[in-house]
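Undergrad: fold the following.
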Amino acid sequence: MGGVARVEDATDHTPDSELTHLTVVLKDAPDSQAAKDTIDDLREAVNPMGALVGGTTAETLDTQRAADRDLTTVVPIVLLVVLAVLILLLRSLIAPILLLATVVLSYFAALGASNLLFEHVLDFAGVDWSIPLMGFVFLVALGIDYNIFLMHRVKEETGRLGHERGILEGLTSTGGVITSAGIVLAATFAIFAGLPMVTMAQMGVLAGIGVLLDTFLVRTVLVPALALDLGRWFWWPGRLFRALPHVDGNTSAHTASTTARDRAHEVA
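TA: Sure, this is the predicted structure:
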């Protein structure tokens, strides 16, 4: 087989001599993709005989694939649970979907930035395969906390002051707290970046970048801007959607978005 350097003689048998252990030395580095491909070829070749392929490379490959399966299973479940919580809290459908989309966007931006940093600046082989799932759980949990804190206040103020003034008042009253909390959390995660373990360092960098993006861009600029641009449709089909008056969307959105950007810079 192409990826196999040599097969060493069997030195370990069961007492009845029915099972034996063969040591296979691979040509490629144990953590390389070529070595993993060789493991797949070996398994395909010995599977009809009922033989098993183990070792460090095989264990790493199995763990990586298990993590990938967990990612495709856990992520949809987490998103559905978070969406249900936001719908119950805001009594709306459009707002929760948009808020969830901003959290996912922030996560992918942080993951991409972290990968570029480790691969092209720090000269590592990119983000470890175990990081995406852990990072997703961390950043979605933190992002949703900020969303709930901000939008619950915005909902209260919108019912009292109207849509545009309610959003700006909610942003003003919570912006300082969210900014302070984000800075503290980012500084806390920065401690992980100093640990000698590459995986923990990558986790700290990913979480820190994600928290800062969420604090200074998503929660203070993107979310209020989306809410102001959509107007009362942001609260569809809830009570606020029916209670808020119809306005000229183009004029209102332009004025409100400009005001939101100015207000976001003030509270940040």
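
Undergrad: which stretches of this protein form strands?
TA: Shown for the chain, the strands assigned by DSSP state E span residues 4-13, 20-26.

Undergrad: how far does the longest one sit from its chain's centre?
TA: This means strand 4-13. Mean-position distance between strand 4-13 and its chain equals 44 Å (C-alpha atoms, centre = their mean, to the nearest Å).

Undergrad: now that strand: mean pLDDT?
TA: Strand 4-13 carries an average pLDDT of 73.

Undergrad: now stretch 51-68
TA: The model assigns stretch 51-68 a mean pLDDT of 82.

Undergrad: buried sites along it?
TA: Judged by neighbour count (16 or more other C-beta atoms under 10 Å), stretch 51-68 contains these buried residues: Val53, Thr57, Ala58, Thr60, Leu61, Ala67. Heads up, the C-betas are built off the backbone N, CA and C, glycines and all.

Undergrad: rewinding a little: pick the most buried one from the strands of the chain.
TA: By mean neighbour count, with neighbours taken as mean count of other C-beta atoms under 10 Å, strand 20-26 ranks first of these at a mean of 13.

Undergrad: so for stretch 184-199, what gets flagged as buried?
TA: Across stretch 184-199, burial judged by 16+ other C-beta under 10 Å covers Leu185, Ala186, Phe189, Phe192.

Undergrad: Leu41 contacts Gly3, doesn't it?
TA: Not quite, residue 41 is Asp, not Leu. Yes - judged on C-beta atoms under 8 Å, Asp41 makes contact with Gly3 at a distance of 6.6 Å.

Undergrad: looking at the two, which has the bigger crowd around it?
TA: When Asp41 and Gly3 are compared for neighbours, Gly3 comes out ahead with 18 against 15, by other C-beta atoms under 10 Å.

Undergrad: give me every residue that touches the more buried one.
TA: By C-beta atoms under 8 Å, 6 or more residues apart in numbering, Gly3 lies in contact with Leu26, Lys27, Asp28, Ala34, Ala35, Asp37, Thr38, Asp41.

Undergrad: swap in 10 Å and give it another go.
TA: Residues counted as contacts of Gly3 (C-beta atoms under 10 Å, 6 or more residues apart in numbering) are 24, 26-28, 32, 34-42.
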